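*Asks:* Return a 3D structure for these sequence lines:
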Amino acid sequence: MSEPRYVRRFSRTERSLHWVHASAFFVLLGSGLVLYLPSLATEVGRRPLVKDVHLLTAVAWILALAAVLVLGDRRGLRATARELDVFDADDRRWLLGADAPQGRFNAGQKLNAALTAAFALLFAVSGTLLWLGERDTRFRLDGTIVLHDVLTYASVALVAGHLYLAVIHPTTRHALRGITRGSVREDWAREHHAKWPTDAQ
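*Replies:* Purely as a prediction, here's the structure:
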């Protein structure tokens, strides 16, 4: 049998952006749960240290994302942002359950990217307000904690679905190779992203 042919799906900059965001999310989730759940807080202890880890990770996340954006392939990221931003007729049909051809990103991935970006922004705003509110009562706005908590629950659900499709689901888990090594098999790409491979040569 001939060796499978691979096509590049994600650049180094795209992969860096993904893994910076993913790594920070899991550290923030873990430290946030310790601060939020009394049973975990009692088990772990050292609340001030966990709080510092949570805060410093948030700051490092923002700085690392900015560094990737400044030092990475900005032109490529702009092109990717345009791809993610456009929902065509095939995307709408796909979201309604029809078997519609997809580009490099399917409609579900585009929706996931939009929600992830919105959640990240809202996390940053609500987290900053919570931090400022501890120092100045003028920043203690009603609903900030509720917003932060609801975002956490929604993000956990979103990430759980993302991980299921990337790691467990047999027809889609090959996509994990794209975000770790940058390329995917051409035959897989043609089957799942029929509108993309000819543009990826």
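*Asks:* for Glu83, what are its contacts?
*Replies:* Shown in contact with Glu83 (C-beta atoms under 8 Å, 6 or more residues apart in numbering): Gly103, Arg104, Phe105. The way it works is simple: take the backbone N, C-alpha and C, and place the C-beta from them, glycine included.
*Asks:* Go again with 10 Å.
*Replies:* By C-beta atoms under 10 Å, 6 or more residues apart in numbering, the contact set of Glu83 is Gly103, Arg104, Phe105, Gln109, Lys110, Ala113, Trp196.
*Asks:* Mind picking the two most distant members of the residues you listed?
*Replies:* Within the contacts of Glu83, Ala113 and Trp196 form the most distant pair, 15.5 Å apart (C-beta to C-beta).
*Asks:* So the two - more neighbours on which side?
*Replies:* Trp196 (19 against 16; other C-beta atoms under 10 Å).
*Asks:* any idea whether the residue nearest to Leu17 when sequence neighbours are not counted is helix, strand or coil?
*Replies:* Closest residue to Leu17 in three dimensions, ignoring its sequence neighbours and counting by C-beta to C-beta, 6 or more residues apart in numbering: Val68, at 5.1 Å. When classified by DSSP: H, G, I helix; E, B strand; the rest coil, Val68 comes out as helix.
*Asks:* Tell me the pLDDT of Val68.
*Replies:* We have a pLDDT of 96 for Val68.
*Asks:* Please pull out the lowest mean pLDDT helix or strand from the chain.
*Replies:* Sorting the helices and strands of the chain by mean pLDDT, DSSP states H and E puts helix 38-44 at the bottom, at a mean of 77.
*Asks:* In that one, which residues are buried?
*Replies:* For helix 38-44, the neighbour count (16 or more other C-beta atoms under 10 Å) marks Val44 as buried.
*Asks:* Equivalent analysis for stretch 168-183, please.
*Replies:* Thr172, His174, Ala175, Arg177, Gly178, Ile179, Gly182, Ser183.
*Asks:* Please, where are all the helices along this structure?
*Replies:* 12-36, 38-44, 47-71, 74-85, 89-95, 107-133, 144-163, 175-181, 186-192 (DSSP state H).
*Asks:* ok now the fifth one, how far from the chain's centre?
*Replies:* Mean-position distance between helix 89-95 and its chain equals 22 Å (C-alpha atoms, centre = their mean, to the nearest Å).
*Asks:* Check which helices and strands that helix sits against.
*Replies:* With contacts defined as 3 or more C-beta pairs under 10 Å, 6 or more residues apart in numbering; DSSP states H and E, helix 89-95 has these neighbours: helix 107-133.
*Asks:* ok and the helix it packs on relative to helix 12-36, angle-wise?
*Replies:* Helix 107-133 runs at 50 degrees relative to helix 12-36, counting by axes from the mean of the first three to the mean of the last three C-alpha atoms, to 10 degrees.
*Asks:* angle of helix 107-133 against helix 47-71?
*Replies:* Using the same axes, to 10 degrees: helix 107-133 against helix 47-71 is 130 degrees.
*Asks:* Helix 107-133 - contacts with which helices or strands?
*Replies:* Using 3+ C-beta pairs under 10 Å, 6+ apart: helix 107-133 touches helix 12-36, helix 47-71, helix 74-85, helix 89-95, helix 144-163.
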